[in-house]
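Chemist: would you be able to build a 3D model of this:
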Amino acid sequence: MLKHFHPTSCTQTYLESAEYSRILSAAVINSNFRSILLKDPVKAVSGGYSGERFNLRSEAKQRLAGIHASSLAEFAARLSEI
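Modeler: You can find the predicted model right below:
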């Protein structure tokens with residue numbers, strides 16, 4: 001039996017993945033953003049990067065808040081698990 005996915009949830013998951021990629025890209029490019037992201041992910045995401053905003057729902061931000069990592073590689077690994 002095939003599992004049916006609600007189109008909205010699939011779209012939202014895709015959009016969150018795209019935003020996570022943007023967040024990681026900003027962290028790779030900018031050491032200040034990376035430092036804030038590792039200390040306080042919600043603050044980093046809420047503040048945006050270089051005039052750009054990250055479009056994440058509050059649930060996604062809460063998941064980010066649960067990530068505790070000492071390096072960007074560790075952060076990315078934990079991010080892939082949520």
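
Chemist: switch to C-alpha atoms for all contacts and neighbour counts from now on
Modeler: Will do.

Chemist: my read: residue 72 touches residue 36, true?
Modeler: No: contact criterion Cα atoms under 8 Å: residue 72 and residue 36 do not qualify, at 11.0 Å.

Chemist: same for the longest helix that the chain contains, what does it pack against?
Modeler: The helix that spans the most residues within the chain, counting by DSSP state H, is helix 7-29. If contacts are counted by 3 or more Cα pairs under 8 Å, 6 or more residues apart in numbering; DSSP states H and E, helix 7-29 sits against helix 31-39, helix 72-81.

Chemist: 10 Å instead?
Modeler: Packed against helix 7-29 by the contact rule (3 or more Cα pairs under 10 Å, 6 or more residues apart in numbering; DSSP states H and E) you find helix 31-39, helix 41-47, helix 58-65, helix 72-81.

Chemist: can you list these in CSV and add mean pLDDT?
Modeler: Below are the helices and strands packed on helix 7-29 laid out as CSV (pLDDT from 0 to 100):
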stretch, mean pLDDT
helix 31-39, 98
helix 41-47, 96
helix 58-65, 94
helix 72-81, 96
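
Chemist: of these, which is nearest residue 16?
Modeler: Among the helices and strands packed on helix 7-29, the nearest to residue 16 by Cα to Cα is helix 58-65 (7.6 Å).

Chemist: buried ones in that closest one?
Modeler: Of the residues in helix 58-65, those buried by neighbour count under the rule 16 or more other Cα atoms under 10 Å are 61, 64-65.

Chemist: and that helix, what other elements does it pack with?
Modeler: Under the contact criterion of 3+ Cα pairs under 10 Å, 6+ apart, helix 58-65 touches helix 7-29, helix 31-39, helix 41-47, helix 72-81.
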